[in-house]
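Colleague: Pasting a predicted model and its sequence here:
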Amino acid sequence: MKFLRKLYDWVLHWAETPYGPLALFCLAFAESSFFPVPPDVLLIALCLGAIKKSWRFALITSIASILGGMMGYLIGFGLWETVDSFFFKYIPGFTPELFEKVMLNFNKYGFWYVFSAGFTPIPYKIFTIASGVFRMNFFLFVVASSISRSMRFFAVAALFRKFGPGVKIFIDKYFNLLAFAFLFLLIGGFLVIKYIF
């Protein structure tokens with residue numbers, strides 16, 4: 001838990017540097033295939049610091065996340081047998097049992113799996129890699145990723161564009177409640193994967 005907190009703080013510190021947008025791109029790219037901290041954390045911090053650039057930050061996050069998803073797809077497609085033990089050991093929620101369950105229905109519902117994971121707290125990285133392993137149609141994968149990831153990150157930007165500094169006040173006032181809500185959604189995402197897929 002301390003490691004994740006340090007990682008979270010390290011991600012946030014980039015918002016205070018001139019390299020924030022570059023760090024956002026790298027984080028969004030990495031999170032789509034292996035990194036545990038979602039890019040929303042840094043996206044929100046950057047939007048708070050420069051609300052007028054919110055659309056730009058959402059665009060950076062979306063593009064990087066889609067490209068990172070493609071990297072996840074390629075990992076699954078070409079390198080899975082050499083890296084599977086790493087993912088099962090170090091990526092939270094990524095188990096052989098879960099992977100087998102997803103595989104059973106992936107050909108039929110792959111587009112909706114990727115779309116759902118791209119927009120919700122369900123771990124997107126599991127489905128980017130699974131898409132490659134199960135040889136999902138690459139075009140459909142990119143379409144599902146592009147729509148869902150863009151919707152997610154532009155929704156965050158829209159909040160800041162519409163409500164401006166008021167969003168910061170709201171976040172500061174209800175930070176603990178929001179943190180618990182996010183944790184609840186994240187755990188819910190893992191449960192959805194475990195019990196539905």
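Modeller: Here it is on my side, so go on.

Colleague: Quick check: which ranges of the chain have low pLDDT?
Modeller: For the chain, the stretches with pLDDT under 70 are 1-12, 15, 165, 167-197.

Colleague: need the longest helix for it.
Modeller: Secondary structure of the chain read by DSSP state H shows that its longest helix is helix 138-163.

Colleague: what about the residue nearest the centre of the chain, which SS state?
Modeller: Closest to where the C-alpha atoms of the chain average out (C-alpha atoms, centre = their mean) is P38, at 4.9 Å. Per DSSP: H, G, I helix; E, B strand; the rest coil, the local secondary structure of P38 is coil.

Colleague: what residues are up against the residue lying closest to it once chain neighbours are set aside?
Modeller: Once flanking residues are discounted, P38 sits nearest to E31: 5.8 Å by C-beta to C-beta, 6 or more residues apart in numbering. In this view, the C-beta of every residue, glycine as well, is placed from N, C-alpha and C. Listed by C-beta atoms under 8 Å, 6 or more residues apart in numbering, the contact set of E31 reads 37-39, 65, 68, 124-125.

Colleague: any idea how far I129 is from E31?
Modeller: From E31 across to I129, the span is 13 Å (C-beta to C-beta, to the nearest Å).

Colleague: same question, R149
Modeller: When R149 is compared with I129 (using C-beta to C-beta), they lie 16 Å apart.

Colleague: ok, now G110?
Modeller: From G110 to I129 the distance is 13 Å (C-beta to C-beta).

Colleague: And F77, by the same measure?
Modeller: For F77, the distance to I129 - C-beta to C-beta - is 9 Å.

Colleague: go on, Y90?
Modeller: Counting by C-beta to C-beta, the gap from Y90 to I129 is 13 Å.

Colleague: How about K89?
Modeller: 14 Å.

Colleague: who's more crowded, these two?
Modeller: Neighbour count, other C-beta atoms under 10 Å: between K89 and I129, I129 has more, with 29 against 8.

Colleague: State the helix or strand in which the more buried one lies.
Modeller: Taking DSSP states H and E as the criterion, I129 maps to helix 124-133.

Colleague: The closest residue to F25 other than its chain neighbours and W112, how far apart?
Modeller: Leaving aside its chain neighbours, F25 sits nearest to A64 (4.3 Å; criterion: C-beta to C-beta, 6+ apart). According to C-beta to C-beta, A64 and W112 sit 23 Å apart.

Colleague: So between those two, which is more surrounded?
Modeller: Between A64 and W112, counted using other C-beta under 10 Å, the more crowded position is A64 (24 against 12).

Colleague: ok, that one touching S33?
Modeller: No: counting by C-beta atoms under 8 Å, A64 does not reach S33; the two are 11.4 Å apart.

Colleague: residues touching T95, list them.
Modeller: T95 neighbours (C-beta under 8 Å, 6+ apart): F88.
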